[in-house]
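[1] Here is a sequence with its predicted model. Questions after.
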Amino acid sequence: SILTRTQQTAQTEDEGPELSEIDQPPVIQLLASIWFGILAHSTFMCYFIIFLHQIKNASVLSTPLPLMVFFWGSLTIPRPSKTFWVTIIAYTEAIVIVKCIFQLNIISWNQEASPNNPFYPPRIVGVERNENYALWDLLLLLMVFFHRFMLKSLGQWTTSYIARKIIPSKLTLATMRSSTENNSQPEPARFHWQNEQQTPASSSQDMTTSRDQIDGEGTSAEPPQEQGTSKEPHSEELVGVEGEEVPVCNDKFSEAVNATAKKYLEPAHDFFGNIISPDGKEKTNVYAYMFLCDFFNFILIIFGFSAFGTQQGDGGVAAYLQENRVPMPFLLMLLLQFALIVIDRALFLRKSILGKLVFQYFLVFGVHVWMFFVLPSITERQFNARLPPQIWYMMKCFYLLLAAYQLRLGYPTRILGNFLCKNYSIINYVLFKVFMFVPFLFELRAVMDWIWTDTSMTIMDWFKMEDIFASIYQIKCMRGVESDFPQPRGVKKAQMSKYLVGGGALLLIIGLIWFPLLLFALGGTVGVSNIPYEVTLSVRIGSYQPIYEMSAQDTAIHTYSEANFVEMTNLYGKSRSAVTFLENYEHTDVAAVRMSNSSKVLWSISPPDKERLRAELLANETMIVHIEWTVSRKTDVKDFSGMSPGTKNIILPAFEGGKRNPVRDDLAALLAPDPPANITNVAIHLKNVFPKFLKVTARMIAPVPQLMKTPSLAQTWSDDSDKNSKDQLYRNVTLQLSINPSDPNQQWWVIHEECDDPIFQDLLGKIPLNSCDDIMMFLFNDKAFPEGLSFISGFGILGLYTTAVIVVSQIMRRAVSEMAPKIMFDDMPYVDRILRLCLDIYLVRESGELSLEEDLFAKLIFLYRSPETLIRWTRPPEPGTRDERDDEEEEEDRREAEEEEDERRRGLRERVRDE
């Protein structure tokens, strides 16, 4: 029997109790919690699989599924109906069948390769041939059937019976009396609707319903019985409905159309009416989570914009900032996302259910059209080809689900303050500090709240109110921390806490002071080698066309090997200054630049200019030879192109030592109309033309004096500032003019380095990769900062000190100084009463009591204007006593709780009655 089985079960439990969930390992408890969470939120899991199905398919066939979720299922009160789930199941099965049919080989597009086009018809429709074409459809069906099983087990799958409404039309109510004697037939006693008029035609065609037929088949036609049948006092009375079918055409046609429209449109009318109606709804507030979803998408667009636009491989947002340019599509997407956040905030503050519903439908339609049709046409790739759009769409789906939840339950009755200010913990304090630290966020929120909230305050009074509340809230949080971690009186601070707090502050200050110098000192360690990609050299006499132009690129620029660098270091081993200089570089920082002796361009000077140049050389005025070299390399320095020029001017006076300058005379002879026969053998000596060693920094280049001297040579450069000594940093050359024998008009200049001087023979000739057959230059390049530090290093040492360090020091100075005027407000020991007054202002504002709002705000301002009253208000209550304001608050809370409980019960009763 049942009793016996119950007793046996009880005995078994007493003998061997089952292992409870608390006794399970933590991993098992976690898995069990996840499983129970899935069981409790199977509806959300179905929605999630539908969103994944849309992301993976992104076709015309799959788009109706999320649209049904957002347009229908998620907005149904109190939960999605059976019809919705049956429609989802039927449509998904239809998708599987359609896809299966289009997998056959007889389909024309299955016999050829699919083009890489997002709008390829089979692909955009969703019938493209694929091995796993039904994977996500079957997964969706599995999840929906699991949800169906859960609803059946809870008894929520069967639709509650809704009584059929009868529209009265020529109806007659008749009372049927049955006699117990002679099995006489029941007699109808007719009653008519009060709003209907009895007509002879209707009385002759009355339709009655007997008791037996009601219990059995239903309604049937009976001939009317005559009056006068004997009546028993205990006879049964049955009520029958007698009606007359009247052709529709006999009534007004408009009434028939209205009745038909009402019949088919009434479900939609009830659907939207339930959403808009505030009756019987449990108010909720999920705006904070909706804002977080929108904010996440905003950040995603900033850092993943390349996945949303046509720009490919342009470096992303970091490149835009470095190049000081903003693409228009990027700006439009950011503005649109920002505008959606502002509109959502406005609807939330106005508590507009109808506006939010229209905005919801517009957003659902716009998101799906943009993401699955417009975006692929712009980017020319499929929606699911990149990860950022998929993440954006999923977060937007979560936002839309939260918005639908908000619509089903309605907006909260009161919107009081910031959602971060619901608790007074240290976490809330830190989050609120971050909120206040974000530029313009506090001001933007305050202005929007003032615009879309009914208030009697001016905008400046509103800012005063928000500033007071922010200050009081932070003080309240700090007093809570002090109460949680009390400090005994007269006890010195623990050394550990002093080292943690004080040591951290000390390291921060020292780091800010020395950070610029430390950054650039470590540049050689953390930087990367940056060899030039082009070096040019040109020689020009006066203002005329250059006589020599040459450049070195690619294979003409050789990076030193480690063996070459060691050999050079050993060569300067006896020179302390040279060794010190070389220690700042590695072998990858040294480049040997090889340039040809012959100019790369013909000297195509015009005959008149050539004659003028010859005349100036023969004149007595001083002439100048301009030497220019340019080093080009990659750079991340702000406002710097990466090209570092260097120049040197060689003065050619008309007389030297009282005699004509031979260099000028030789040049004039070469330019004569009848040059000498051995013109190609004439060599003109030019001193101090180009540097042998160059130091290349981030912004400039300079010769290297340390490598142009050695203790074994007395003729090398000295450390004085004499100009003639500095000229010895440059190498002497010989100039020759070459002429094409077949075409005398083709002329070019040839430059050779003079290699017969002692410094070349004893020092420069032994340098690795150096040669006298070409123009050789050796470049020592400073390392470039990595891309992550290039934005900081671009300011330079002085820039960092004048911008970052000084600005941060001023901010820190304001934080630790000028505290005396704020002591009265920052050190209030008990702020609960003022905080309660601020909350009362919010409460009366939401209740529409604007006069009371003005009075309470005036009271708050008076407190801040009266130090004596403020001190009395912020005095902590005596231990063991109660503050009368606490009693008032408890009484107010009790009344509010009772009102909310009554409202909840009324809503529950209305919901049960509707179901």
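    Looks like it came in fine. The shown structure was predicted, so the numbers you read here are calculated from the model rather than taken from an experiment.
[2] tell me which element the nearest residue to Leu800 once chain neighbours are set aside is part of?
    Nearest non-adjacent residue to Leu800, counting by C-beta to C-beta, 6 or more residues apart in numbering: Pro516, 3.9 Å away. Quick note: C-beta positions are derived from backbone N, CA and C, even for glycine. Per DSSP states H and E: Pro516 is located in helix 495-521.
[3] and that helix, which residues are buried?
    Along helix 495-521, the positions that meet the burial threshold by neighbour count (16 or more other C-beta atoms under 10 Å) are 515-516, 519-520.
[4] low-confidence ranges in the stretch 101-250 of the chain?
    111, 113, 159-250 (pLDDT under 70).
[5] What residues does Val808 make contact with?
    Leu512 (C-beta atoms under 8 Å, 6 or more residues apart in numbering).
[6] and after the one helix or strand it maps to, which helix or strand comes next?
    For Val808, the element it lies in under DSSP H and E is helix 806-816. Remark: after helix 806-816, the chain's next helix or strand is helix 823-826, criterion DSSP H and E.
[7] which other helices and strands contact that following helix?
    helix 459-484 (3 or more C-beta pairs under 8 Å, 6 or more residues apart in numbering; DSSP states H and E).
[8] chain center to the helix it packs on, what's the gap?
    30 Å (C-alpha atoms, centre = their mean, to the nearest Å).
[9] Output the contacting helices and strands for that helix.
    The helices and strands touching helix 459-484, judged by 3+ C-beta pairs under 8 Å, 6+ apart, are helix 426-437, helix 441-451, helix 823-826, helix 832-846, helix 850-865.
[10] Pull the helix or strand where Trp629 lies out as PDB, backbone CA atoms only.
    Trp629 is part of strand 623-632 when elements are defined by DSSP H and E. Below are the C-alpha coordinates for strand 623-632, written out as PDB (Å, rounded to 0.1, in the frame of the first residue of the first chain):
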ATOM      1  CA  MET A 623      81.700  82.500 -53.800                       C
ATOM      2  CA  ILE A 624      80.200  79.800 -51.600                       C
ATOM      3  CA  VAL A 625      80.000  76.000 -52.400                       C
ATOM      4  CA  HIS A 626      77.000  74.500 -50.700                       C
ATOM      5  CA  ILE A 627      77.200  70.900 -49.500                       C
ATOM      6  CA  GLU A 628      74.000  69.200 -48.300                       C
ATOM      7  CA  TRP A 629      73.300  65.700 -47.100                       C
ATOM      8  CA  THR A 630      70.000  64.200 -46.000                       C
ATOM      9  CA  VAL A 631      69.300  61.100 -43.900                       C
ATOM     10  CA  SER A 632      65.800  59.600 -44.100                       C
END
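[11] Report the buried residues of it.
    Across strand 623-632, burial judged by 16+ other C-beta under 10 Å covers 623, 625, 627-632.
[12] Next: stretch 428-435.
    428-429, 432.
[13] roughly how far is it from the heart of the chain?
    The answer for stretch 428-435 is 20 Å, by C-alpha atoms, centre = their mean.
[14] pLDDT of it, averaged?
    In this model, stretch 428-435 has a mean pLDDT of 92.
[15] Kindly report the same for stretch 464-480.
    Stretch 464-480 comes out at a mean pLDDT of 93.
[16] Tell me the buried residues in that stretch?
    In stretch 464-480, counting by 16+ other C-beta under 10 Å, buried: 464-466, 468-480.
[17] Just name the closest of those residues to Leu420, please.
    Tyr473 (8.9 Å; C-beta to C-beta).
[18] can I assume that closest one is in contact with Cys421?
    Yes. Tyr473 is within contact range of Cys421, at 5.3 Å (criterion: C-beta atoms under 8 Å).
[19] what do those two both touch?
    Common neighbours of Tyr473 and Cys421, using C-beta under 8 Å, 6+ apart, are Phe432.
[20] What distance do you get for Leu420 to Arg845?
    19 Å (C-beta to C-beta, to the nearest Å).
[21] one step back: residues touching the residue nearest to Leu800, list them.
    797, 800-801, 804-805.
[22] out of these, which is most surrounded?
    Neighbour count (other C-beta atoms under 10 Å) singles out Leu800 as the most crowded of the contacts of Pro516, with 19 neighbours.
[23] Am I right that that residue is in a helix?
    Yes. Under DSSP: H, G, I helix; E, B strand; the rest coil, Leu800 sits within a helix.
[24] does it really touch Trp514, like I thought?
    No. Leu800 lies out of contact with Trp514 (C-beta under 8 Å); the separation is 11.0 Å.
[25] burial of Ala94, as a residue count?
    Ala94, neighbours per other C-beta under 10 Å, totals 12.
[26] Identify each buried residue in the helix or strand hosting it, please.
    Ala94 belongs to helix 82-101 when elements are defined using DSSP H and E. Buried residues in helix 82-101, defined by neighbour count with 16+ other C-beta under 10 Å: 84-85, 87-88, 92, 95, 99.
[27] Name the nearest of those relative to Gln706.
    Nearest to Gln706 among the buried residues of helix 82-101 is Lys99, at 76.9 Å by C-beta to C-beta.
[28] Need the nearest residue in space to that closest one, chain neighbours excluded.
    Tyr133 is the one closest to Lys99 (C-beta to C-beta, 6+ apart), at 4.9 Å.
[29] For the one you found, which residues are in contact?
    99-100, 103.
[30] Now distance to Asn661 too, for these, in JSON lines please.
    Shown next, in JSON lines, are the contacts of Tyr133 (distance: C-beta to C-beta, whole Å):
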{"residue": "Lys99", "distance to Asn661": "93"}
{"residue": "Cys100", "distance to Asn661": "97"}
{"residue": "Gln103", "distance to Asn661": "93"}
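[31] Which member of those is positioned nearest Ala683?
    Gln103 (84.7 Å).
[32] The closest one touches Asn110, doesn't it?
    Yes. Assessed by C-beta under 8 Å, Gln103 is found in contact with Asn110 at 7.4 Å.
[33] which residues are common contacts for those two?
    Contacts common to Gln103 and Asn110, judged by C-beta under 8 Å, 6+ apart, are Arg129.
[34] ok, Ala784 - how many residues close by?
    Using other C-beta under 10 Å: Ala784 sits among 21 other residues.
[35] scratch that, Gly657
    5.
[36] Could you do Lys648 as well?
    Using other C-beta under 10 Å: Lys648 sits among 17 other residues.
[37] Quick check: beta-bridge partners of the residue nearest to it when sequence neighbours are not counted?
    Leaving aside its sequence neighbours, Lys648 sits nearest to Ile627 (C-beta to C-beta, 6+ apart; 4.4 Å). Bridge pairing for Ile627 (DSSP bridges) gives the partners Val539, Lys648.
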